[in-house]
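A.B. asks: Predicted model and sequence below, questions to follow.
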Amino acid sequence: VVVLSLLTYPLLRSLALQLHATITGSYISGTHSIAFINCLNEQIAKDIARAIMDKKLAACVNILPKSSALYFWKGELEESTEILLLVKTRTSKIGELSSYVRSIHPFEIPEIISLPIDQGNPLYLKWIEESVPRD
């Protein structure tokens, strides 16, 4: 009984949180994420951002101005300027977002990293929920 309880605890906790959120309208931490995607220049960034929005894979994409980047590529230290996209979406869409961006991105290995949103403005988080269709 103890082992069974320990094994089912994560599932039961998740269900309880979802039920509580549904009843109270509260936010479940990690339901939404911010993805970071680097781009070579502003035009590529705009093209990728528009493609993400056209596919309804995000509620919003911010295009941040140039930043300098230092990184190792094929054993050599490289330096470049990049444009960063901040993509606000459902966590459940990160896999689809990543696959899609890899298929259209000119980099051999594009940076696509996501972090879950722990807390935020409830109205903004609800807007993300309404803007990005469920799976």
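C.D. replies: That came in fine, so what should we check first?

A.B. asks: Would you mind giving the domain segments of this protein?
C.D. replies: Following the TED database, one finds the domains of the chain at 1-28, 31-131.

A.B. asks: Deepest in the core, which of these is it.
C.D. replies: Among the domains of the chain, domain 31-131 has the highest mean neighbour count (mean count of other Cβ atoms under 10 Å), at a mean of 15. Quick note: C-beta positions are derived from backbone N, CA and C, even for glycine.

A.B. asks: what ranges do the helices span in the chain?
C.D. replies: Taking DSSP state H, the helices of the chain run over residues 2-24, 42-54, 94-104, 122-131.

A.B. asks: Can you tell me the centre-most residue of this structure?
C.D. replies: Ranked by distance to the mean C-alpha position of the chain (Cα atoms, centre = their mean), the top residue is Ala35 at 3.3 Å.

A.B. asks: Just the pLDDT at that residue, thanks.
C.D. replies: As predicted, Ala35 sits at a pLDDT of 98.

A.B. asks: separation between it and Leu57?
C.D. replies: Ala35 is 9 Å from Leu57, where distance means Cβ to Cβ, to the nearest Å.
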